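K.L.:
Coordinates for the following, if possible.
(chains A and B)
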Amino acid sequence: MRTPPCLLSLTLDSAVLNLSNITDLSPLPDHILIELFLRTLRAGKLTERVLKLFIATGKDEVFSLIQALNIQVTVNPVLPTSKCLPIKDDEIDIVIGALNFDLTSFMNVWRPIFSRFHLTIVKDPDLKEELKIPEGFNLDVYKEPDIDRVVGTSTSIIFSGYACRYFGYLVSRKKYIISMDDDCLPAKDNKGFLVDAVAQHITNLTTPATPFFFNTLYDHFTEGADFVRGYPFSLRNGVTCALSCGLWHNLADFDAPTQALKPEERNSLYVDAVLTVPARTLMPISGINIAFNRDLVGPALLPCFRLATEGKFRWETMEDIWSGMCVKVICDHLGLGVKTGLPYVWRNDRGDAIASLRKEWEGVKMMEEAVPFFQSVRLPQEATTAEDCVIEVANAVKEKLGSKDPVFAHTAKAMLDWVKLWKSVGGSSSSPGA
Amino acid sequence: MVEPATATQAAAPAVPQLKDELDIVIPTIRNLDFLEMWRPFFQPYHLIIVQDGDPSKTIKVPDGFDYELYNRNDINRILGPKASCISFKDSACRCFGYMVSKKKYIFTIDDDCFVAKDPSGKAINALEQHIKNLLSPSTPFFFNTLYDPYRDGADFVRGYPFSLREGVPTAVSHGLWLNIPDYDAPTQLVKPLERNTRFVDAILTIPKGTLFPMCGMNLAFDRELIGPAMYFGLMGDGQPIGRYDDMWAGWCTKVICDHLGLGVKTGLPYIYHSKASNPFVNLRKEYKGIFWQEEIIPFFQQAALPKDCTRVQKCYIELAKQVKAKLSKVDPYFDKLAEAMVTWIEAWDELNPTGAALPNGKAK
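P.N.:
Residues are numbered from 1 along each chain as shown, chains lettered A, B, ... in the order given. Down below sits the predicted model:
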């Protein structure tokens, strides 16, 4: 029979899980402090803040350990500036849509970056196997029964496949959401350091965006850059950034025809920039690596555009592209910013572009109708919240696109259902002015 | 710490592209020593030197370059009364070089710009990159998140409409600067030591409907597509404003490019900017501009050109009319500027009659 863990061990484990709430370690006896240090290390939770906590105790044993293990404070590639709003860890939720049942290696490799935050994992209802999730995370897991219980059956929204992550956005109560596909790993920057994608997204979201005039040195909130000569001073305060779109190394988010034409093509270019996408400019917003301010634009990210042949590879979906155009149009209307660029994630090779080719044609055709629609849609001044805006866009979709293809008509209905769902389950969002 | 490149010979291309179709326009008041550094990249091309300031001074051009040089006396002689539109004692005078060139493409660079190094330490052939930018299409109607899709190793991302993947012709290639960044005077005063060391390995199309601050330090453009819009305004001696020449040209150019469906790219190549100008002098030059740009920007953002303006010159004259109508109330300077814009087009058309192909000008 295995000896159950002792009370001290359980306490130490609990402490490691709650490190973000601990502000002072000096009352701890030396031997417990050392044990806590080692467990923190093993759990991958030794961040700069936590290291400083241990150093602040002034204990020699801690210093000897730090020296012996050659622990160094790595320069955080993203330095918080005074313009950065101080964010608490508990304002952040990391939402993962699980399309693969075995999340062990995914979560272990992200552990040093994810482990201090709350995670919301949503299991694709179509996945038959039980999810495998490693220990040591602060998380909530949602599966098909949970989705059914919360959403009921009276909705046209289907949360299967990549759309399952939106359920996570719906039920989360945190201000900032970081969302990542479960086949992504941390990327390396051009100096060979692992990129802390979460920190970069948070920096993007908590520093202003500048959508009304293009700055040729890109995001001026990065160190060593500023607004260039000729940039109007009245526009230098910027606006709140509501959405941060990251990029991908290795398997870039190409469509099936492009990847099929260039099967060996892998993206290795590290473009060291974040930039604001100008107002009224549309772009394909990929759902693979994004973050957003849920309070401001939560309802605008929507699982409503479903191809008849939608599948389990990104090459077989357009749901995020549709959602992205809605968000951009709504952000432009509400005077919010959208940034693109850093951070990069590394995307594993998966799937076969040629096999997916057939399935994506439908989506490609529909883009040709959708893009001119989004470029011309105008929202009334009275729409001041994200919910209002979604309703307006949905009505415009029904009116202008509904007759062109049943998928659009269905999407419009789903968007209205989504807003209803959001209002009853999601808690209300704030006006950007608030 | 960035440094300029020194071993440029190794990086020179075997076949200089567009050798007979591109002129390099350089305004100068001092000397052209910087050309030595650029020699392997520039020597195959024809140079147009526009000498600003005292015309009695002789500017020595390093041996081995094929060039023509114009000083103020030449400008006055060639343009007669129309010479009033060309600035004096300001690098804005460089646009005279655009007017007098007979080539399809122009590359312009300041005389304090050296060859930069990429992160691997290799010397950057800025001219070659500009040519690549100009010869490949732009994508102003939809933003590609992987930046320039025509670059090796990049492509259009999922969701990018196929009907927009052909792109449009590129009219302008706007390069950037390492070391001394192109800041305005207030920023220079607050951050005198700031240096741009970040090498952003991207070229991107500036979307339609978006304005940007165009810097003339490292710029290339298709003269046939957009040349007449590249008027660098009335600056310097006798004018109330300076250091807004390239800005003005950039805003006019972008509005016209957007109207005509042409593309403007920004990003690579980088050059190494070595000289920081005096921020106090700059402040005096820019002072009025800092207030005026608050009116100028909304003007350009709302400027609309009628459908029948299908030639650059016609677009430009129309813009000049709108400048006179809407900006004169900001300052009488804009009245003068609007007139100078018209004079510029008249001079351009005189020197560039349609259908004529002429040989290079001769060196003085």
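
K.L.:
For the stretch 251-364 of chain B, just list every one of the strands.
P.N.:
B:263-273 (DSSP state E, counting those that start in this stretch).

K.L.:
what does it put close to chain A?
P.N.:
B:266, B:286, B:290, B:293-294, B:297 (C-beta under 8 Å from any C-beta of the partner chain). C-beta: built from backbone N, CA, C; applies to glycine.

K.L.:
Could I have the buried ones of the residues you listed as PyMOL selection syntax?
P.N.:
Buried members of these, defined by 16 or more other C-beta atoms under 10 Å in any protein chain shown, are picked up in PyMOL with:
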select buried, chain B and resi 266+286+290+293+297
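
K.L.:
quick one: contacts for the residue of the stretch 201-350 of chain B at minimum distance from chain A?
P.N.:
The nearest approach of the stretch 201-350 of chain B to chain A comes at residue B:213, 3.0 Å away (C-beta to the nearest C-beta). By C-beta atoms under 8 Å, 6 or more residues apart in numbering or on different chains, residue B:213 lies in contact with A:213-216, A:228-231, B:247, B:250.

K.L.:
Among these, which ones are in helices?
P.N.:
B:247, B:250 (DSSP state H).

K.L.:
closest to residue A:402 among the contacts of residue B:213?
P.N.:
For the contacts of residue B:213, the minimum distance to residue A:402 (C-beta to C-beta) is 35.5 Å, reached by residue A:214.

K.L.:
burial count for that closest one?
P.N.:
By other C-beta atoms under 10 Å in any protein chain shown, 24 other residues sit near residue A:214.

K.L.:
How about it: what's its closest non-neighbour residue?
P.N.:
residue B:212 (3.9 Å; C-beta to C-beta, 6 or more residues apart in numbering or on different chains).

K.L.:
Quick one: residues contacting the one you found.
P.N.:
Residues near residue B:212 by C-beta under 8 Å, 6+ apart: A:213-216, B:174, B:206, B:250, B:254, B:264, B:266.

K.L.:
Turn those residues into TSV, including distance to residue A:297.
P.N.:
Listed next are those as TSV, based on distance: C-beta to C-beta, whole Å:
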residue	distance to residue A:297
A:213	22
A:214	22
A:215	23
A:216	27
B:174	32
B:206	25
B:250	32
B:254	29
B:264	30
B:266	28
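
K.L.:
Can you check the pLDDT for the residue of the stretch 201-350 of chain B closest to chain A?
P.N.:
pLDDT recorded at residue B:213 is 96.

K.L.:
Find the residue closest to it in space, skipping its chain neighbours.
P.N.:
residue A:230 (3.0 Å).

K.L.:
I'd guessed the one you found sits against residue B:247; true?
P.N.:
Yes: using C-beta atoms under 8 Å, residue A:230 makes contact with residue B:247 at a distance of 4.1 Å.

K.L.:
so what sits against both of these two?
P.N.:
Taking C-beta under 8 Å, 6+ apart as the contact rule, residue A:230 and residue B:247 both touch B:213-214, B:293.

K.L.:
Out of those, name the ones that lie in helices.
P.N.:
Those of these lying in helices (DSSP H): residue B:293.

K.L.:
Could you point out which of the shared contacts of residue A:230 and residue B:247 is nearest to residue A:183?
P.N.:
For the shared contacts of residue A:230 and residue B:247, the nearest to residue A:183 is residue B:213 (40.2 Å; C-beta to C-beta).

K.L.:
For residue B:300, see how far away the closest one is.
P.N.:
As judged by C-beta to C-beta, to the nearest Å, residue B:213 and residue B:300 stand 12 Å apart.

K.L.:
Over to residue B:214?
P.N.:
From residue B:214 to residue B:300 the distance is 12 Å (C-beta to C-beta).

K.L.:
so what sits against both of the two?
P.N.:
B:251, B:254.

K.L.:
Give me the more crowded residue out of these two.
P.N.:
With neighbours defined as other C-beta under 10 Å, residue B:214 and residue B:300 compare such that residue B:214 has more, 26 against 19.

K.L.:
tell me the contacts of the closest residue to the more buried one other than its chain neighbours?
P.N.:
Closest residue in space to residue B:214, ignoring its immediate chain neighbours: residue B:250 at 2.4 Å, by C-beta to C-beta, 6+ apart. Residues near residue B:250 by C-beta under 8 Å, 6+ apart: A:230, B:174, B:211-215.

K.L.:
And for residue B:258?
P.N.:
By C-beta under 8 Å, 6+ apart, the neighbours of residue B:258 are B:140, B:208-209.

K.L.:
other SSEs contacting the helix or strand bottoming out on mean pLDDT in chain B?
P.N.:
Lowest on mean pLDDT, DSSP states H and E among the helices and strands of chain B sits helix B:185-190, with a mean of 90. If you count contacts as 3 or more C-beta pairs under 8 Å, 6 or more residues apart in numbering or on different chains; DSSP states H and E, helix B:185-190 packs onto helix B:279-302.

K.L.:
what's the helix it packs on in contact with?
P.N.:
The contact list for helix B:279-302 (C-beta under 8 Å, 6+ apart) reads A:213, A:229-230, A:232-235, B:184-186, B:188-189, B:192, B:211, B:240-244, B:247, B:251-252, B:254-255, B:322-323, B:326-327, B:330-331, B:333.
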